[in-house]
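Trainee: Make a model of this:
(chains A, B and C)
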Amino acid sequence: MPAAPSAGPFTLDQLAHECGGTVAGDGAVLIHQVNTLERAGAGEIAFLANPKYRKQLEGTRAAAVVLSADHAALTAVPRLVVDQPYLAYARIAQRLNPAAVPPPGAAAGAQIDSSARVAPSAAIGARAVIGPGAQIGDACVIHPGVVIGARSSVGARTVIHPNAVLYPDTVVGADVVIHAGAVLGSDGFGMAETASGWLKIPQIGRVVVGDRVDIGANTTIDRGALDDTVIEDDAKLDNQIQIGHNVRIGARTAIAGCVGIAGSVHIGKNCKIGGAAMISGHIEIGDGVTIAGGTVVAKSLHQPGIYAGVYPLDTMERWRHTAVRVRRLDELAARLEAAEKMLRELAPDAAGAAKKS
Amino acid sequence: MPAAPSAGPFTLDQLAHECGGTVAGDGAVLIHQVNTLERAGAGEIAFLANPKYRKQLEGTRAAAVVLSADHAALTAVPRLVVDQPYLAYARIAQRLNPAAVPPPGAAAGAQIDSSARVAPSAAIGARAVIGPGAQIGDACVIHPGVVIGARSSVGARTVIHPNAVLYPDTVVGADVVIHAGAVLGSDGFGMAETASGWLKIPQIGRVVVGDRVDIGANTTIDRGALDDTVIEDDAKLDNQIQIGHNVRIGARTAIAGCVGIAGSVHIGKNCKIGGAAMISGHIEIGDGVTIAGGTVVAKSLHQPGIYAGVYPLDTMERWRHTAVRVRRLDELAARLEAAEKMLRELAPDAAGAAKKS
Amino acid sequence: MPAAPSAGPFTLDQLAHECGGTVAGDGAVLIHQVNTLERAGAGEIAFLANPKYRKQLEGTRAAAVVLSADHAALTAVPRLVVDQPYLAYARIAQRLNPAAVPPPGAAAGAQIDSSARVAPSAAIGARAVIGPGAQIGDACVIHPGVVIGARSSVGARTVIHPNAVLYPDTVVGADVVIHAGAVLGSDGFGMAETASGWLKIPQIGRVVVGDRVDIGANTTIDRGALDDTVIEDDAKLDNQIQIGHNVRIGARTAIAGCVGIAGSVHIGKNCKIGGAAMISGHIEIGDGVTIAGGTVVAKSLHQPGIYAGVYPLDTMERWRHTAVRVRRLDELAARLEAAEKMLRELAPDAAGAAKKS
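Mentor: The predicted structure is shown next:
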């Protein structure tokens, strides 16, 4: 039920021209918006990527459908036939729904330090604060309430949503999206224990974010202690992620919401970290590792593959029972050992045979 | 130790008149504030809901006590006798401590777009930003630093605390409370994997929040991808909850702090989700389900009931031991099977008898 | 790669004079900054605290090194010889990198209520809002976008980073650091269940924070229901921690990121709570307790010691296997019991002997 205006309409032929694919049926049909097979109506284009939704294709009232050649014969609706329907759908959705871009220049109430360098094509929202020596690149959008610390730099076309904060000396690349309430460059949790309490270790590294990185709402990324905290190009971070000091996140790695990554963790490229996974400090995770949601990672993982470690859910009553069994596994193992010993004494030959089987 | 001023004093008779119940003892006693049985003193009313605190009733120095008929004879202090002491206490506490309401109108420094429609009875705080086409209902309180995106609407009497953010096209009902730093309408984590990296799926759905919903501090709710993310009437959300795109939370469902709910999860009505529970994507949870804190829910739950799944805590030393046992459960089971086989061979009749028993 | 300017340079002799220790070698060498043994170069001082990095000491190009007497003979580089190299390093790092202090006074765009009392030596950032009756102590730094609620007080030299929020009646001590986006004093999650839905319990307690407390970015601390939520002196809280109403955190206790603490939990002094640990409501944790990261604490812990409770990680395939075994532990135990019974019947004497062994 999108309320924002579409950039369309476009004809199906135009979309095929811009986003790839060949048209079957009426290429002049006008497309305003994307929608699901089930809910699409006049002026809307739907897509079929997963064969299990073929039934929905039959009943769709969409104005047009994106699908692969295998399924092109299943409907008479105007079609865009492509190799990868989901990717084509993504491109069409982008074409129809470009991000709203405010007019360039500083809104009333924005406070830009006289030593900051802001590209004339950048848009600075109401109440945004740009600190001394900061640099804001071409066509950036800095939304209301954002605070950019001293000497921080933001690359071209990067969008920073309301009330996000960049501490001083933060470096953000081009085409990055930082969502509302995210904090980059807060102090890492570095302290030395002394007889009289905790002694703070100054955190003098930076946060350095590559190009085309997404950072979710209320996600926090601590600055490095000595070296930098680094988020490489094309990494994608969801909401409410916590990243400790001196962490490195590899290129194209995607991290779902509520993940916590303790200090000095290095995560490789092309990893996928499931929601609410927690990664202990000073761990290395190699390229191509997938971690299931909710898993606690307390040791390094050098082999690509899928890892998990979540206690299985049950009814409360059965869980109580099983949890006691888990706590007493040692006892169970000792009892089994005693039984095995007895069996060996009762029937030494049978015991040998059973072991071989 | 409340520092904010009370709306009182009221006599006990007045409170009985407004909040229900019958007075025993001096109804003219003046009540300024609520407090616990243990700490209440002059001018303060306490309550006894749980019989295990009867001892505290004997020693209380409260000016008055709310209790049920069963306990009315246990003290000579002026009493308000009611059926449900905790509910009566809640009503009295509300009567004595109404939310502070700032004067209507826009504070200095608020920035309201000329196309926004703000009710004259609404209070807009310093530095709040109200975007183009936004609508703010009667008697709303928009605190300092709040950002309301374009075309968003906020129902009557809704309170939005400092620095919370509503992205464009967000719909919030009446009598809602949104706490500081909460973010509604950020992009869902929707991307298609391509050979050259991640391709963003535009998130064109909205966040739609019903009436009388509470949303905690720094909680984040993503907008829908195509359809909306929906929080139904009377749902209560604590702090630091993450709600993914296209989630639906049923009416009166209460969710404790730090819960993560992945995309497209549907949760029924009257559910209770414990703190830090994590719910995987595309799951359905029926009405009346309770999830214990810390539980990872990775499959749909259609039956009402209480579910749990938390690894039992132990001393570090014993945990290390047991964790190894858990990882080698397969081996333990294989050994047991071998022992059972030997037993069957040694004493086939006994084995049969044991199985039946 | 610190981009912020150092307060130096100082000679090694000056640092020894100010931070303790004795100099071996050229005390006139100029020190601008700290760095690691591996990366330090001209003008930089490194440290050796852990003997396993002795190799790096040999190859270092640092201008000077902090180390203990044991290792002083291992290098010819100018040395600062101290008892505790890490502490000395921390002090030197602080000396070289003092926090940037903005000039006193209110920046343009700050909004300070006429009834607030702000020390002339305090710095109030752009767009900060100081509410009625609030008090800001000597040499405080209130960064841009911070909102200080009515009647709240902030002790001397406390620093509050951008866009953090203090609700009304919050009390913060001296020398506290509150990071960006943190929220203190939001309502606790207190509701009574009624036939017609949830009835809110007014939260009229406060948040009271001692001296020298650190509070991380986007951490949330709820106000008390009746009594206060209390964070004692020298407690250290990392990012994205959630603290429920009426919690008490003891002096010098350190809590890592993403920890959730439910309502009315009391944690003692000198505790260490690992990242993403979750603590259920109404629990008591004594002094000197350490909780491993990711652990769910559902019962009180009165003995000092280290506690853990995390499901061990495995490959997804093995995890699936083992999780089924865990859920069926009851069955495994029943089978073992049956086997033991058979053994007792087969060989009563042997069974007795085995039990004793």
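Trainee: Run through the helices of the stretch 151-300 of chain A in chain order.
Mentor: Taking DSSP state H, counting those that start in this stretch to define them, one finds no helices in the stretch 151-300 of chain A.
Trainee: what residues are up against the residue nearest to A:Val118 when sequence neighbours are not counted?
Mentor: The spatial neighbour of A:Val118 that comes closest, neighbours along the chain excluded (CB to CB, 6 or more residues apart in numbering or on different chains), is A:Ile136 at 4.4 Å. C-beta here means a position set from N, CA and C on the backbone, and glycine is covered the same way. Contact partners of A:Ile136, counting by CB atoms under 8 Å, 6 or more residues apart in numbering or on different chains, are A:Ala116, A:Arg117, A:Val118, A:Ala119, A:Ala122, A:Ile124, A:Ile130, A:Ile142, A:Ile148, A:Ser153, A:Val154.
Trainee: Show me which of the residues you listed is closest to C:Tyr86.
Mentor: For the contacts of A:Ile136, the minimum distance to C:Tyr86 (CB to CB) is 32.7 Å, reached by A:Ser153.
Trainee: residues in contact with the closest one?
Mentor: Taking CB under 8 Å, 6+ apart, we find A:Ser153 in contact with A:Ala134, A:Gln135, A:Ile136, A:Gly137, A:Thr170, A:Val171, A:Val172.
Trainee: Tabulate those residues (JSON lines), appending distance to A:Gln303.
Mentor: JSON lines is the format used below for these (distance: CB to CB, whole Å):
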{"residue": "A:Ala134", "distance to A:Gln303": "43"}
{"residue": "A:Gln135", "distance to A:Gln303": "42"}
{"residue": "A:Ile136", "distance to A:Gln303": "43"}
{"residue": "A:Gly137", "distance to A:Gln303": "40"}
{"residue": "A:Thr170", "distance to A:Gln303": "34"}
{"residue": "A:Val171", "distance to A:Gln303": "32"}
{"residue": "A:Val172", "distance to A:Gln303": "33"}
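Trainee: Give me the subset of those lying in strands.
Mentor: The strands, defined by DSSP state E, take in A:Gln135, A:Ile136, A:Val171, A:Val172 from the contacts of A:Ser153.
Trainee: Now for these: which two are most distant?
Mentor: Greatest spatial distance among the ones in strands among the contacts of A:Ser153 (CB to CB): A:Ile136 and A:Val171, at 12.6 Å.
Trainee: In contact with the closest residue to A:Leu313 other than its chain neighbours: list those residues for me.
Mentor: When the adjacent residues along the chain are set aside, A:Leu313 lies closest to B:Gly309, with 3.5 Å between them (CB to CB, 6+ apart). Taking CB under 8 Å, 6+ apart, we find B:Gly309 in contact with A:Val310, A:Tyr311, A:Pro312, A:Leu313, A:Asp314, A:Trp319, B:Ala292, B:Thr295, B:Val296, B:Val297.
Trainee: same check, this time on A:Cys19
Mentor: Contacts of A:Cys19 by CB under 8 Å, 6+ apart are A:Leu80, A:Ala88, A:Arg91, A:Ile92, A:Arg95.
Trainee: Tell me if the fourth one really is in a helix.
Mentor: Yes. Read with DSSP: H, G, I helix; E, B strand; the rest coil, A:Ile92 is one of the residues of a helix.
Trainee: per-residue confidence at it?
Mentor: Per-residue confidence for A:Ile92 comes out at a pLDDT of 94.
Trainee: Is it correct that it is in contact with A:Val34?
Mentor: Yes. At 6.2 Å, A:Ile92 and A:Val34 qualify as touching, with contact defined as CB atoms under 8 Å.
Trainee: nearest residue to A:Ser186 other than its sequence neighbours?
Mentor: Nearest to A:Ser186 is C:Ala217, by CB to CB, 6+ apart, at 4.0 Å.
Trainee: ok, now A:Ser300?
Mentor: The spatially closest residue to A:Ser300, leaving aside those adjacent along the chain, is A:Glu284, at 4.4 Å (CB to CB, 6+ apart).
Trainee: circling back: how close does the residue nearest to A:Val118 sit to A:Ile124?
Mentor: The spacing between A:Ile136 and A:Ile124, counted by CB to CB, to the nearest Å, is 7 Å.
Trainee: Overlap in contacts, the two.
Mentor: By the contact definition CB under 8 Å, 6+ apart, A:Ile136 and A:Ile124 are jointly contacted by A:Val118, A:Ile130, A:Ile142.
Trainee: With pLDDT as extra columns, can I get those residues in CSV?
Mentor: Output for those, formatted as CSV (pLDDT from 0 to 100):
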residue, pLDDT
A:Val118, 98
A:Ile130, 98
A:Ile142, 98
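Trainee: Now the buried members of those residues.
Mentor: Neighbour-count burial within the shared contacts of A:Ile136 and A:Ile124 applies to A:Val118, A:Ile130, A:Ile142; the criterion is 16 or more other CB atoms under 10 Å in any protein chain shown.
Trainee: what's next to stretch A:294-303, contact-wise?
Mentor: Contacts with stretch A:294-303, where a contact means CB under 8 Å, 6+ apart, come from A:274-280, A:283-286, A:289, A:291, A:307-310, B:278, B:296, B:298, C:276, C:293-294, C:310-311, C:313.
Trainee: which of the residues in that stretch are buried?
Mentor: Neighbour-count burial for stretch A:294-303, with 16+ other CB under 10 Å as criterion, is recorded at A:Gly294, A:Thr295, A:Val296, A:Val297, A:Ala298, A:Leu301.
Trainee: what residue ranges in the stretch 251-357 of chain A score low on pLDDT?
Mentor: Counting by pLDDT under 70, the low-confidence segments of the stretch 251-357 of chain A come to A:348-357.
Trainee: what's the spacing between A:Ala347 and chain B?
Mentor: As for A:Ala347, its distance to chain B is 5 Å (criterion: CB to the nearest CB, to the nearest Å).
Trainee: I'd like to know how many residues surround that residue.
Mentor: A:Ala347 has 19 neighbours, counted by other CB atoms under 10 Å in any protein chain shown.
Trainee: So it sits against B:Arg344, correct?
Mentor: No. Under the contact definition of CB under 8 Å, A:Ala347 does not touch B:Arg344, with a separation of 11.7 Å.
Trainee: now the longest helix belonging to chain A against helix B:329-346, angle please.
Mentor: As assigned by DSSP state H, the longest helix anywhere in chain A is helix A:329-346. Inter-element angle recorded for helix A:329-346 and helix B:329-346: 30 degrees (by axes from the mean of the first three to the mean of the last three CA atoms, to 10 degrees).
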